[in-house]
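> I would like the atomic coordinates for the input below:
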Amino acid sequence: MATDALLALQASVTKTATFNGAALVLAGGTPRRGLNARVIYSAAANASGSNTVAFSVDVSYDGGTTWFSDFLAPAITLSTTALAGEVFIPFSISPVTVANGTQIRLTATVAGSGTSPTVTYKGDVSLSRP
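Residues are numbered from 1 along each chain as shown. This is a model prediction of the structure:
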């Protein structure tokens, strides 16, 4: 699978709550077949109870003021046993003509009533379908 290091969505980071990554500006839209966000995660766990983490590609068509979570991966259920894996989030967007272009960001949404959720992850843009 071909990836471009210049299209990193998120450098490796460890989070314990919902986190919105930095915006990546797409000068135009995606290619006709779309793109994939590849998320590699590890050490995804919680101390007790029930938590989930869900990754999404959020899109802003107005230069970063309003964000839409249109492209979602299935939620990962956390447990006391640490999980690791890889998810792909396909996305396709049309170009818009605003000063800052169409922007995307990778978001990790942590939800649930468990204690001490944590996940380490990184994300990039995959130029081909898995």
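> in which helix or strand does the spatially closest residue to residue 28 that is not a sequence neighbour reside?
Leaving aside its chain neighbours, residue 28 sits nearest to residue 95 (4.1 Å; criterion: CB to CB, 6 or more residues apart in numbering). Quick note: C-beta positions are derived from backbone N, CA and C, even for glycine. Counting by DSSP states H and E, no helix or strand carries residue 95.
> residue 95 touches residue 25, doesn't it?
No - using CB atoms under 8 Å, residue 95 makes no contact with residue 25, being 11.4 Å away.
> who touches both of the two?
Common neighbours of residue 95 and residue 25 (criterion: CB atoms under 8 Å, 6 or more residues apart in numbering): 101-102.
> specify the beta-bridge partners of residue 78.
With DSSP bridges applied, residue 78 shows beta-bridge pairing to residue 51.
> for it, which residues are in contact?
Contacts of residue 78 by CB under 8 Å, 6+ apart are 44-46, 50-53, 112, 114, 117, 119.
> how about stretch 44-51: buried residues?
44-46, 51 (16 or more other CB atoms under 10 Å).
> and the two most separated of the contacts of residue 78?
Farthest pair in the contacts of residue 78 (CB to CB) is 50 and 119. Separation: 14.8 Å.
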